[in-house]
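**Q** Coordinates for the following, if possible.
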Amino acid sequence: MNATRLNALLHDGVRSKYRAVVGSTVNVMLPRLPITADTEFVQLDLDTSASAPFEATVPDQGEGNALPDHLHAHVLRPCSGVLRVTAIDVFTQEPIPNVEPLEIEVTVVS
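**A** Residues are numbered from 1 along each chain as shown. Predicted coordinates:
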């Protein structure tokens, strides 16, 4: 797997910071991972555990390894949280070396 290419696919063109008001819902765009020779055995893992102040709703993923293209984060109180997208090797279920996770920060103000 080409780590440079995976880093580019994961990070390029994806907004990394969102700002919202308490009580609103934010439409967070996630990276798209096209099926290529470099991505055939890559799975994207979405971790919302660091975003406890949000109620994250992920649309049905369907089949395959790809994430949905967005999620909805309903913000409950003023805070800041991070959504993390990590590239995982489908065989080992471990993060792929030298591929930096994408961190999307959501800041909520009153």
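**Q** so where's the chain shaky on pLDDT?
**A** Within the chain, the stretches with pLDDT under 70 are 50-53, 58-67.
**Q** Quick check: nearest residue in space to the residue positioned nearest the centre of it, chain neighbours excluded?
**A** Centroid check for the chain by CA atoms, centre = their mean gives Val85 as the closest residue, at 3.6 Å. Excluding its sequence neighbours, the residue lying closest to Val85 (CB to CB, 6 or more residues apart in numbering) is Leu102, at 4.3 Å. C-betas here are computed from N, CA, C, even on glycine.
**Q** Show the backbone phi and psi for the one you found.
**A** Backbone geometry at Leu102, expressed as degrees, to the nearest 10, gives phi -90, psi 130.
**Q** what about the longest strand in the chain?
**A** Secondary structure of the chain per DSSP state E: the longest strand is strand 79-89.
**Q** Which elements pack onto that one?
**A** Contact partners of strand 79-89 among helices and strands, from 3 or more CB pairs under 8 Å, 6 or more residues apart in numbering; DSSP states H and E: helix 3-11, strand 42-47, strand 102-109.
**Q** Mind listing the strands the second one pairs with, and their directions?
**A** What that stands for is strand 42-47. Partner strands and pairing direction for strand 42-47 (DSSP bridges) are strand 79-89 (antiparallel).
**Q** Please enumerate residues in contact with the partner strand?
**A** 1, 6, 10, 28, 30-31, 41-48, 50-54, 56, 67, 71, 73, 94-96, 99, 101-108 (CB atoms under 8 Å, 6 or more residues apart in numbering).
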